[in-house]
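[1] This is the structure alone, sequence omitted:
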């Protein structure tokens with residue numbers, strides 16, 4: 001076996017080749033993060049028949065190289081940076097350079113501290129990127145919704161009452177895109193207002209409701225501010241664009257989830273979106289030898305505070321590890337207590353012990369992580385019986 005260690009960077013990577021007995025065959029050399037650079041790497045290693053390529057899991061910088069090498073049928077191993085850091089710390093000088101890091105990666109390969117890349121891993125990389133991007137889009141959409149509400153508080157604060165507390169409806173957006181203040185609604189023709197509301201609400205808003213809206217606008221304390229009206233129109237256009245883009249992302253996620261066919265979808269309350277985030281953030285479940293390590297990776301493990309005879313009674317979660325995985329597990333935990341009798345009873349039992357909602361939900365998260373670990377490790381459907 002020949003081991004090839006690659007230290008990943010943004011513009012220039014370093015690689016070295018070492019035999020199974022520890023002899024350096026090719027000294028550390030640089031190659032660019034480009035097709036020419038990738039071909040230079042292939043030229044250096046193509047004569048080695050039985051080789052294993054190792055690199056650290058360092059964000060998105062390695063994705064192109066992994067895809068390039070995988071398509072050429074090389075065996076690729078991904079290493080947790082914590083492993084190389086521990087080896088570096090064991091050295092007296094703790095020196096860190098690109099050349100030295102390639103040798104540390106080779107040592108991890110020799111110690112078998114890695115996970116191999118498969119076709120499923122390639123799909124999970126794509127899924128992780130889409131899932132994270134979708135969450136960021138939703139968060140940006142939420143910020144715009146907050147801005148829209150703030151604008152309406154100035155030009156038509158009573159409108160939220162007309163839509164029963166929910167301004168983010170198709171009918172509300174259609175209304176605000178054409179009539180962006182109480183003043184413009186007051187001056188609107190009743191037939192035009194009726195048709196707009198009726199057509200964008202599947203007939204739920206009739207002429208009677210349109211008249212009610214006009215009367216509400218007449219009594220409104222909203223200001224006449226053309227600048228804010230323009231802002232509202234721009235915000236509505238942005239929200240429509242976000243809605244379309246998020247829908248396109250959802251289609252991409254569902255397509256990948258169909259290919260992966262993960263048993264995560266058999267858990268009550270887990271749909272394509274949350275399921276995609278969970279399995280893509282976990283990546284290879286074999287990286288975790290037990291559910292406790294998966295719990296720690298999600299940052300849901302408790303922080304223990306103890307000194308001498310003192311032992312803290314209330315412990316917060318560590319919040320280390322994957323923020324996205326922690327978010328997805330919390331969301332699923334909230335949904336599963338309404339979709340599964342066993343989890344519902346478990347939540348109620350914790351509440352009856354005097355624990356507040358967040359603490360009880362934290363216990364549900366812990367139980368859920370154990371279930372996730374079980375079904376992904378054994379590749380089986382959800383079953384509590």
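    Sure thing, it's come through. Treat the numbers as computed from the prediction; the structure is a model and nothing was measured.

[2] Could you use CA atoms for every contact and neighbour count after this?
    Fine.

[3] Just the pLDDT for residue 33.
    Per-residue confidence (pLDDT) for residue 33: 93.

[4] Which helix or strand in this protein has the lowest average pLDDT?
    Least confident helix or strand, the chain: strand 310-311 with a mean of 38, by mean pLDDT, DSSP states H and E.

[5] Roughly how far does residue 296 sit from residue 5?
    Separation of residue 296 from residue 5 (Cα to Cα, to the nearest Å) stands at 28 Å.

[6] Of those two, which one has the most company?
    It is residue 5, of residue 296 and residue 5, that has more neighbours when counted by other Cα atoms under 10 Å, with 28 against 19.

[7] so that one sits in a strand?
    Yes. Under DSSP: H, G, I helix; E, B strand; the rest coil, residue 5 sits within a strand.

[8] where's it relative to residue 19, distance?
    Counting by Cα to Cα, the gap from residue 5 to residue 19 is 11 Å.

[9] which residue ranges form the helices in the stretch 251-385 of the chain?
    Under the criterion DSSP state H, counting those that start in this stretch, the stretch 251-385 of the chain contains helices at 272-282, 291-297, 323-339, 341-352, 357-378.

[10] now those in a markdown table, with mean pLDDT and distance to residue 167?
    Below are those laid out as a markdown table (pLDDT from 0 to 100; distance: least, Cα to Cα, whole Å):
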| stretch | mean pLDDT | distance to residue 167 |
| --- | --- | --- |
| helix 272-282 | 95 | 25 |
| helix 291-297 | 90 | 38 |
| helix 323-339 | 93 | 24 |
| helix 341-352 | 94 | 32 |
| helix 357-378 | 93 | 28 |
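
[11] Show me the contact partners of the helix or strand where residue 184 lies.
    Using DSSP states H and E, residue 184 maps to helix 182-186. Residues outside helix 182-186 that contact it (Cα atoms under 8 Å, 6 or more residues apart in numbering) are 155-156, 179, 214-215, 217-218, 220, 222-224.

[12] Write a ChimeraX command that selects only the buried members of these.
    Burial among the contacts of helix 182-186 is assessed by 16 or more other Cα atoms under 10 Å; the matching ChimeraX selection reads:
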select :155,156,179,214,217,220,222,223
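
[13] In helices, which of the contacts of helix 182-186 fall?
    Counting by DSSP state H, the part of these found in helices is 155, 214-215, 217-218.

[14] residue contacts, the spatially most central residue of the chain?
    Against the mean C-alpha coordinate of the chain, by Cα atoms, centre = their mean, the closest residue is residue 132 at 3.5 Å. Each residue near residue 132 by Cα under 8 Å, 6+ apart is listed here: 277, 324.

[15] So which bits of the helix or strand where it lies are buried?
    Using DSSP H and E, residue 132 sits in helix 119-155. Within helix 119-155, the residues that count as buried by 16+ other Cα under 10 Å are 121-125, 127-128, 130-132, 134-135, 137, 141, 144-145, 148-149, 151-155.
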